[in-house]
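Visitor: please find the sequence and the predicted model below.
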Amino acid sequence: MTFPVFDLHCDLLSYLIKYPKADPFNTEKIACAVPFLQQGNVKVQVCAIYTDVRSESMQLGLGQAELFSDLVRKYPETFYSYQPDSDLKEPKIGIFAAIENAAGIGNEEAKWSEIYRQFDLILEKVGQLAYISLTHHTENRFGGGNYTEGIGLKDDGKKLLEYMSGKKIPIDLSHTSDLLAEGIFNHISSQNLKIPVIASHSNYRAIWNHKRNLSDEFAQEIVRQEGIIGVNFLRAFLDNDVPERLFEHILHGFEIGGEKAQCFGADFFFTKDFPDKNRHPFYFPLTENASKYPSILEELNKNLTEYQLQNLASENAFHFYHKLHR
């Protein structure tokens, strides 16, 4: 079953900056290589600007923003810079930049004048941002990551949220601690900030109890605020042993009221150099690369209508960004 696909997360850019001779068309290296995207009918792919917490994080963030521009410049027959009013019938792949870990905007030592300049420079290079995640797995100056306990929204996180307000850039909860997610909701509400809230690549704790997954409370608040939630394909966040748990996560998203929120956020990244061999293979064959979308949708056809499948595949994400940028 073939529908246009709008995927909310991959790590192609961090792969390309780590390995300067890497080829985005090489299907032997990364599961979101161009031929896989084309086979899966991916019409829009969000490409994260990712860095961990380190002194050179701002340099790496800016470098990935430049690589984003290079993809469009070097491969104009394959990529274009996605605009929210673009037609999903476009034969090329629209790429849309995002920031995964705000360490790429400001490292631990950066002055706020440098952070503002970095933010604006990245935005200038990529045109627009699909979202910003304040953290990744660990703590940084902005707040607590999803593997930290008892660390919420810090003063610098509040300041960054206030700078984001009104810029039509969603805040992403996919890598927050629970306390940080709560702090983000509370600060947006108390300060009346104009910031949509999403989870770009997260599953559900009710199906698989993992810190990376959303509680129903947070998921339903995203739904209430008309945000979107992208289901993650990584085995560790689905179920270590049961591939079909993917479908339970997706259907749970519908069951908690997310018919207009549930999307895809596959989270394909370069896994071959990952040191923890216990996590290999990272993906089940069911979800091993971006060509698998038609077969995933075909299986879901047993439980969802064609209208619901189309919403899941692309329409929910498409309408979210279209509405945001009207």
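Guide: Happy to help now that I have it.

Visitor: so what would you say the end-to-end distance of stretch 157-170 is?
Guide: 14 Å (CA to CA, to the nearest Å).

Visitor: got the contact list for it?
Guide: 102, 105-106, 112, 115-116, 119, 128-132, 134, 141-143, 153, 171, 180, 183-184, 187-188, 191, 193-198, 227, 324-325 (CB atoms under 8 Å, 6 or more residues apart in numbering). Every residue, glycine included, has its C-beta placed from N, CA and C.

Visitor: and those residues, which are buried?
Guide: 102, 105-106, 115-116, 119, 128-132, 134, 141-143, 153, 171, 180, 183-184, 187-188, 193, 195-198, 227 (16 or more other CB atoms under 10 Å).

Visitor: so which of those residues sit within helices?
Guide: Using DSSP state H, the subset of those located in helices is 115, 116, 119, 180, 183, 184, 187, 188.

Visitor: that older thread, next step: the contacts of stretch 157-170 restricted to strands.
Guide: 132, 171, 197, 198 (DSSP state E).

Visitor: from those residues, which is closest to residue 318?
Guide: Distances from residue 318 to the ones in strands among the contacts of stretch 157-170, taken as CB to CB, are shortest for residue 198 (13.7 Å).

Visitor: returning to that earlier point: using JSON lines, lay out the ones in strands among the contacts of stretch 157-170 together with distance to residue 13.
Guide: Listed next are the ones in strands among the contacts of stretch 157-170 as JSON lines, based on distance: CB to CB, whole Å:
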{"residue": "132", "distance to residue 13": "15"}
{"residue": "171", "distance to residue 13": "20"}
{"residue": "197", "distance to residue 13": "23"}
{"residue": "198", "distance to residue 13": "19"}
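
Visitor: what's in contact with the top helix by length along the chain?
Guide: The longest helix of the chain (DSSP H) is helix 57-74. For helix 57-74, contacts defined as CB under 8 Å, 6+ apart pick out 13-14, 16-17, 24, 47, 49-51, 79-81, 95, 97, 99, 101, 103-107, 110, 114, 118, 121-122, 125-126.

Visitor: now do the strands in the protein.
Guide: According to DSSP E, the strands that the chain contains are 5-10, 42-50, 79-81, 93-100, 132-133, 171-172, 197-198, 229-231, 262-264.

Visitor: and the ones you listed as TSV, adding mean pLDDT and distance to residue 311?
Guide: Output for these, formatted as TSV (pLDDT from 0 to 100; distance: least, CB to CB, whole Å):
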stretch	mean pLDDT	distance to residue 311
strand 5-10	98	10
strand 42-50	98	15
strand 79-81	97	24
strand 93-100	98	18
strand 132-133	98	24
strand 171-172	99	20
strand 197-198	98	15
strand 229-231	98	12
strand 262-264	98	7
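
Visitor: out of the ones in helices among the buried ones among the contacts of stretch 157-170, who's nearest residue 56?
Guide: Of those, the one sitting nearest to residue 56 (CB to CB) turns out to be residue 115, at 15.1 Å.

Visitor: in this structure that closest one contacts residue 106, no?
Guide: Yes - here residue 115 reaches residue 106: they are 3.7 Å apart, a contact under CB atoms under 8 Å.

Visitor: picking that back up, so which two of the ones in strands among the contacts of stretch 157-170 are the farthest from each other?
Guide: 132 and 197 (11.2 Å).

Visitor: list residues touching both of these two?
Guide: 170, 171.

Visitor: returning to that earlier point: if any of the contacts of helix 57-74 are buried, put those into a PyMOL selection.
Guide: Burial among these is assessed by 16+ other CB under 10 Å; the matching PyMOL selection reads:
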select buried, resi 13+14+16+17+24+47+49+50+51+79+80+81+95+97+99+101+103+104+105+106+107+110+118+121+122+125+126
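
Visitor: stretch 104-119 - what's its average pLDDT?
Guide: Stretch 104-119 comes out with an average pLDDT of 98.

Visitor: and for stretch 151-159?
Guide: On average, stretch 151-159 scores 98.

Visitor: again with stretch 319-326
Guide: 95.
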